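>>> Give me a model of this one.
(chains A, B and C)
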Amino acid sequence: MAQEGYLLDIRKLSKSFGSTQANKEIDFQLKCGEVRGLAGENGSGKSTLLSQIAGIYSHDSGEMYLKGEPYQPDSPISANERRIAIVVQELGLVGALPAGINIFLGKTKKCSRFGMISQKAIQREVDVITAAWELPKISLNTRAGDLNIEHRKMVELVRALSIDPDILILDEVTQSLSQDNRKYLYGLIQKLKAQGRSVILISHDIEELIDITDTISVLRDGEILETVESAAIRPDELKQKMVGRKLEGDYYRSDPGPDHGDEVVLEVQGVSTESGLSDLSFSVHKGEILGFCGLSDSGIHNVGRLVYGLERICKGRVFLPGLNREIRRQWDGPKSRMGYAPKDRDTDALMMGASIRDNFVLSSLKELEGPVGFLGRKRLNRLAEEAREAYQVKCTGISQSMSELSGGNKQKVNLGRWLLKDLDLLVVDCPTRGVDVGVKAYLYQCLKEARKEGLGIVVITDELAEAIGMCDNIVVMKDQRIVKKIARGPGFQEETMIEVMI
Amino acid sequence: MERGYLKKYLISFVILAVIIAALAAIHIRTEGKFLTLSNWALIVAGAVVPTFTAWGLSFLFAADITDFSVGAVIILSATMAGTLGNVMGIPGILIGGLVVAVLLMSLNFQIYTLTGIPSWIAGMGMTMIYESVSVVYANQRVGRGLQVVQLKDELRMLGKAPGIYFVLLAGLLAAYFLYNKSVVGINIRAVGNNPKVCRQMGISVRKTLIFCGLIAGAFFGASGFLTESYAGRANAASGLSSISTIFQSLAAVLLAQVMQKKMNLTIAIPIATIFIMAIFNAQTQLGVRSGTWQQVVLGAIVIIFGIFAQRKTKGVVK
Amino acid sequence: MMRKIAWKDLMSLLLLLLMCVVFGIMSRGILFSTYNVKNITEQSMQVIIGALGVIYVIAMGSTDLSVGGNAAVSATIACVLSEKFGFWIFVPACLLIGLTVGLLNGLIVSKCKVSSFMCTLAMLIALRGLLNVFTTDAVVLAPARLQALNRFPVKVAIVIAFILILGYVFEFTRFGYYCKAMGENEQMAIRMGIDAVKIRIGGFLLSGLMASFVGIFQLIQQGGSSSTMGSFMEMKVMMAVFLGGVMVTGGLGTKIYKMIIGAFMISLIVNGLYLGNVSTDYLNAVEGILLMLVLYMTLRIQRGRAAARP
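Here you go, the predicted structure:
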C-alpha cells in the first residue's frame, strides 16, 4: 500500500481529545533528506501530529508507513527503535539527576558494564556525538534541574541524537536557544540533510522557518491546508495562509472601536516580579476587556497570576483604585472583588472528584452564610441549581461528579461561578482552551454580557483571533515585557500582532 | 559575590566552633569520659546498625516512598537470623536476616503498586501485622518453655569489633555503588523524581519499584542480622513501638539530605548516624535515662532536620 | 447515580451490622449484654472525641498521629500541676497543652512544609518520651473531683454535645467546607482565596484540643496516668475515620456520621475478638489487615467513579 520513495508516509491520521478533534485525516509525506517545517496557529494540531509520529500519543485512526513498512509506535522507545527521535516542547528531563545520565536514561546498555554506569563511557559517547555533529561541549555533571533552559534543550538534543535518528523532530526548540546555539542547530540540520536524514520542525519564527526548511506544511484546525516549497514563499504570504480564517458572524464583536467606562478598576504600575516579568504597566477600566497576547513563554500567563496576587512582586505595585487597596500577597486577590480562572482547569481550578454543586458554590460561600455561619444545604442547592440553569451546564443534576463533564461544561462551571458573583474584575487565562466551537461562542457571549454590566475583564489567550474578536484593547508581550498596546480600530489585525510577537 | 563567600565561610566556621565547644563542654561535664578513643569506638560500633537502616531508608525515599514498617521488618529478620544462626552458624545468620527482609519488603512494594494505597498508610497497616507476628512468635517460644531467640555468643563475631567495621565498610561500598553508579539505583532515583518523564524514556516504573524493594530489603536484612549479632537478641515490639526503633536512622537520613550539598548522600549517612549516636551517647553519659528525655530529643531532632531538609520546598505538602 | 451513592454510603453501616451478628454468635450473646454494650459505647466515645478533631486534619488530606501521645501528656501534666496549684488549673492546663502541641504540628506542617505524617509521628515519639519522664518514677493519680464526671449518662451527654458542635462546624460552616476543599484540590483552594496555612493550623489546633479531651476521658476512666496511657489511640482514631469509608486523601466525602460508624466498628472488633477468646497478640494483625482491606475498597469505589468518566 505504501508508496515507494517516501521515508515517512502518513495516511488519513486522526486524533481527538474528548470532544475536540486535534487532527483530522492528515496526509503527510516526507522524503529522505527533506527538512520540513510545520506552520499554523496555536491549537492547529502541529504538536499533536508530531507527538503521534514520535510515539507519545497513539492515533485514533489512519496509517503510518516508515520506509515502506507499517509503523505503529506505542511509546517513544519503540519510535526510537525505528530511529525516530523527538525533542519535546515542554521539558523532558529528570531534574534530580546529572545531565550526562539523563542522556542515556532508559537506554543505559551502551555505557554500563555489569549494571554499573561508567562516567567515562558516557563522556566518550557524548564526545562522539558532539564531535560528529559539531555541537558545543555540554557539562555532564551538573544536575539537569540546575541547568538553564537553553542548556537543558541542548542536553535533550544530544539525547535525541544518541539513537542515530533517521528522522529528528524538533518541537519549538529554537525559541529557547541563543543565537550561537541556533547556529549550531542550523549546522546540525544541514549535516543531517546531507546524510539523507530528515528533520521535521515547528518554529514560531516565520523567517527562520522559511530559511532553514525545504518545504512547509500549513495546518489549520487540525488539517493540513497545503504544503509549499520554502524557496517560493514570502513570510507575509505564509502568515496569511496560517491565519486565513474569516471571523464569522456574531461569534465575535463587530463594533469598530473600544467601548468602556472611564473608571479604572485595576492599575498596574511598573511591576517586576521574581518570576521574571519586567516593568509592566497597564490599567483596566470598568466594562473593558483587556487582552494579553504572546507566545507561551512570553509571560502572559504570569500576568494573570500577578494581578491575582499569586506572584512575588519585586518592584512597582498592583493597585485597585475602587477599593483603594494594593495587591501584595496571595490572599489579597481573592478578597478584593476579583475572580481568576486559571489555564489548567483540571489541576488548578476545579475539584474533579466533587459534585457540580460543590464546585459552583465554593466561590460564594461567604455570601451564602446565614446566622452563626450556617451554610444550609437548601441554600447551596438553590444557588447551584440556578447557576446550572443560567450557564446551561449539561449534566444529569447538580450532584453529578465534575470529572464526568466534558471540557466545555467544565469551563462553564469554572467561569460561571465567578460570573454569578458581583465582581469588579475577572481574570481569565485561556478561557476557551480545549473547548469545542459551540461552547466557545457561548462563553464569548457570557463574557460580553458581563462586560456590559460593567465587569472589567482581563483575557489571557494564545489564540489571536479570540483576542481580536473580543477585546477593547490588546497588550502584546514578548520576553516577559510589554512590546505593544493596540486599541480596537484599524491595525487591530493578526498580522500586526504576529509581527511584534515574534 | 565576595560577601556571599565570606558569609558562607563564616557560617561553616560558626557551626564548627559550636560543635567543638559542645564536645568540649560535654567532655568536661562527663569528667573526661566522652572524648576518649574507647568511647568513640563504642559510638561507631553502635552506629553500624542504624547506618544500614538509614541506607535502606535512603533508597525508599529516593523512590518517593515512605514506609515505616521497616522497624518491624528488621525485628522479624533479626529473629529469623537468630533462629537460623543457632542451627546453621554464620551462613544461617546471613540467610535468615536477608531472606526475611527481602521477602517482606518485596511484599510491601507489591502491595503499594497493586492496590495503590499510599505507602505511608499501607506501611502503618503492615507495621501492625508484622509487629503482631513477632509478638506471637516470641510468646509461642516462651509458651513452649524456650527463651526469646538469643544468638550464641560464639556466633556474634559480625557484631563485634573488628568484624563490625568490615561489615560497615562493605555496606558503604555497596550503598555507594548501588546509589550512584548502578543502572538500577539511577533508575530508582529517576522514578522517584519524575515518573512521567521516566515512562517516556522507557523505564518501567513498576519493575524499578520492585527492584527498589529488593535493594532496600537487603539493607534492612543486614540491619536485622547485625542487630542480632550486635545485641544478641531483638525484642518483639507492639503498639507501633517498632517505628521508634528506626527513628535514629530517620534522623540520620534527614541530616544527610541537608549535608548532600557538600558530599555524596551515601557517604553522608554514616557520618550523620555517628553524629546522632554521639548525641545519645553524650546524653547517657550525662545521666539522662533512655526512653525519657532522650526520646524527646530524638523526636525533636527528626523534626528539626526535617525542617532543614524541606526548607527549599515549594508547593503543596500534606 | 443516586442509588449507587446511597448503596456505597450504606456499606459501612451494613458492615457494622454484619459484625454485630458474627460477633454476637461467636460470643453466644454476651456481646449484647447491658454491661458489654455499655463497655463498647465507653470505648467508642473516646475514639469519637479524638476523631472529631482529627477528621478536620484528615479532610484536608493530612494526618495527625500525635493524638494518643498528646492525650496522655496533656492529661498527665495537668494532673501534676493540679496537685501543686489546686484543681482549678486542671482543665485549662490540659487544654492549653493540647492546643500547644496542635499549634506546633500546624506550624511545622504548613510553614516549614514537613509532611504531616513525618512531623506528627516524630511528635508522637517525643510525647511518649515526655510521658515516661512523668510516669516512670511517680504514680500520677487523677484529681479526686474529676471522679464526679465518671458517670455514664454524663459522659454520653458530653460526647453528644461535642458531636453536635464540631459536627455543625464540620458540615455546615465555611471552615469545615474549606478543610474539605483543601483535601479535594489544594492548588484550587489557594486560587479560590482559601488561606491554606491558616485553615491547616486551625485543623491541627482542633485536633490537639480534642486530643486533650481524650486525655481527660481516659484519666476519668482509669483513675490515673501510666506509661501506656493513650497508646495506640492515634491508630484507633485514624482507623475509625477510614473504616467509615473516608478517603485517605480527605475531601468532600469526609463525613462525621461515617466516622461515628467507624468508631463503633473499631470498638466492636476489639471487644468482639476479646469475647471470642482470640489472643490479644493477633489483635493488631487483624486490625492491620482490616485497615488495608477497607482502604483498598474505598479506593476501588473511588476509581470506579473516575473510570466512568467519558
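
>>> Now the closest residue to residue A:135 other than its chain neighbours: which helix or strand?
Leaving aside its sequence neighbours, residue A:135 sits nearest to residue A:184 (Cβ to Cβ, 6 or more residues apart in numbering or on different chains; 5.4 Å). The C-beta positions use only the backbone N, C-alpha and C, and glycine is treated the same way. Assessed by DSSP states H and E, residue A:184 sits inside helix A:179-194.

>>> In that helix, which residues are buried?
In terms of neighbour count (16 or more other Cβ atoms under 10 Å in any protein chain shown), helix A:179-194 has its buried residues at A:181-182, A:184-185, A:188-189, A:192-193.

>>> pLDDT of the helix or strand following that helix, averaged?
Downstream of helix A:179-194, the first helix or strand assigned by DSSP H and E is strand A:198-202. When pLDDT is averaged along strand A:198-202, the result is 90.

>>> between strand A:198-202 and helix A:179-194, how big is the angle?
140 degrees (axes from the mean of the first three to the mean of the last three Cα atoms, to 10 degrees).

>>> name the helices or strands packed onto whatever helix or strand comes next after strand A:198-202?
Counting by DSSP H and E, the element after strand A:198-202 in chain order, helix or strand, is helix A:206-212. Helix A:206-212 is packed against strand A:35-39, helix A:179-194, helix A:235-243, with contacts defined by 3 or more Cβ pairs under 8 Å, 6 or more residues apart in numbering or on different chains; DSSP states H and E.

>>> For residue A:299, find the nearest of these.
Among the helices and strands packed on helix A:206-212, helix A:179-194 comes nearest to residue A:299, with 20.8 Å by Cβ to Cβ.

>>> outside of the closest one, which residues touch it?
Residues from elsewhere that reach helix A:179-194, judged by Cβ atoms under 8 Å, 6 or more residues apart in numbering or on different chains: A:33-35, A:133-136, A:150, A:153-154, A:157, A:161, A:168, A:170, A:173-174, A:177, A:198-199, A:201, A:208, A:212, A:214.

>>> Over to stretch A:122-131?
So stretch A:122-131 is contacted by A:100-101, A:103-104, A:110-111, A:135-138, A:140, A:158, A:161-162 (Cβ under 8 Å, 6+ apart).

>>> residues of that stretch that come out buried?
A:122, A:125-126, A:129-130.

>>> cool, stretch A:134-149 as well?
For stretch A:134-149, by 16+ other Cβ under 10 Å, it's A:135, A:138, A:140, A:144-145, A:147.

>>> what does stretch C:196-208 give?
C:196-197, C:199-208.

>>> same question, stretch A:350-370
A:350-365, A:369.

>>> Phi and psi next, for the residue in chain C that chain A sits nearest to.
Closest contact between chain C and chain A, by Cβ to the nearest Cβ, is at residue C:193 (2.1 Å). Backbone torsions of residue C:193, given as degrees, to the nearest 10, read phi 90, psi 20.

>>> OK, contacts around it?
Per Cβ under 8 Å, 6+ apart, neighbours of residue C:193: A:331, A:333-335.

>>> Mind giving me the PyMOL select for the contacts of helix A:179-194, buried ones only?
Only the buried entries of these go into this PyMOL selection, using 16+ other Cβ under 10 Å:
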select buried, chain A and resi 34+35+133+135+153+154+157+161+168+170+173+174+177+198+199+201+208+212+214
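
>>> what's the burial count for the closest residue to residue C:77 other than its chain neighbours?
Nearest residue to residue C:77 in three dimensions, chain neighbours excluded: residue C:97, at 5.7 Å (Cβ to Cβ, 6+ apart). Residue C:97: 23 surrounding residues under other Cβ atoms under 10 Å in any protein chain shown.

>>> what's the answer for the one 3 residues further on, then?
Under the neighbour criterion other Cβ under 10 Å, residue C:100 is assigned a count of 15.

>>> May I ask which helix or strand encompasses it?
Going by DSSP H and E, residue C:100 is part of helix C:90-110.

>>> Please put the alpha-carbon coordinates of that helix into PDB.
This file holds the C-alpha atoms of helix C:90-110, laid out as PDB (Å, rounded to 0.1, in the frame of the first residue of the first chain):
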ATOM      1  CA  PHE C  90      -6.600  21.100  85.700                       C
ATOM      2  CA  VAL C  91      -8.900  21.700  82.700                       C
ATOM      3  CA  PRO C  92      -7.200  24.900  81.400                       C
ATOM      4  CA  ALA C  93      -3.800  23.400  81.700                       C
ATOM      5  CA  CYS C  94      -4.800  20.200  79.900                       C
ATOM      6  CA  LEU C  95      -6.500  22.100  77.100                       C
ATOM      7  CA  LEU C  96      -3.600  24.600  76.800                       C
ATOM      8  CA  ILE C  97      -1.000  21.800  76.400                       C
ATOM      9  CA  GLY C  98      -3.200  20.000  73.800                       C
ATOM     10  CA  LEU C  99      -3.600  23.200  71.900                       C
ATOM     11  CA  THR C 100       0.200  24.000  72.000                       C
ATOM     12  CA  VAL C 101       1.000  20.600  70.600                       C
ATOM     13  CA  GLY C 102      -1.600  21.100  67.900                       C
ATOM     14  CA  LEU C 103      -0.200  24.600  67.100                       C
ATOM     15  CA  LEU C 104       3.300  23.200  66.800                       C
ATOM     16  CA  ASN C 105       2.200  20.500  64.400                       C
ATOM     17  CA  GLY C 106       0.200  23.000  62.400                       C
ATOM     18  CA  LEU C 107       3.100  25.500  62.100                       C
ATOM     19  CA  ILE C 108       5.700  22.900  61.200                       C
ATOM     20  CA  VAL C 109       3.500  21.300  58.600                       C
ATOM     21  CA  SER C 110       2.100  24.400  56.900                       C
END
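
>>> Give the buried residues for it.
Buried, per 16+ other Cβ under 10 Å, within helix C:90-110: C:90, C:93-99, C:101-102, C:104-106, C:108-110.

>>> quick check, nearest of the residues you listed to chain B?
Using Cβ to the nearest Cβ, the buried residues of helix C:90-110 come closest to chain B at residue C:108, 6.1 Å.

>>> For the closest one, give its distance to residue C:119.
Using Cβ to Cβ, to the nearest Å, one gets 5 Å for the distance from residue C:108 to residue C:119.

>>> Can you work out which residues contact both of these two?
B:303, B:306.

>>> where are the low-confidence patches of chain C?
C:1-9, C:302-310 (pLDDT under 70).

>>> Apply 80 and report the result again.
Residue ranges of chain C with pLDDT under 80: C:1-12, C:193, C:276-281, C:298-299, C:301-310.

>>> Also the stretch 401-502 of chain A?
Applying pLDDT under 80 to the stretch 401-502 of chain A flags residues A:403-407, A:433-440, A:462-465, A:489-502.

>>> ok, now chain B?
Along chain B, segments meeting pLDDT under 80 span B:1-8, B:31-34, B:143-155, B:157-161, B:233-234, B:238-239, B:261, B:290-291, B:311-318.

>>> got the phi/psi numbers for residue B:219?
phi -70, psi -40.

>>> give me the number of residues near the residue nearest to it when sequence neighbours are not counted?
Nearest non-adjacent residue to residue B:219, counting by Cβ to Cβ, 6+ apart: residue B:56, 3.3 Å away. When counting by other Cβ under 10 Å, one arrives at 28 neighbours for residue B:56.
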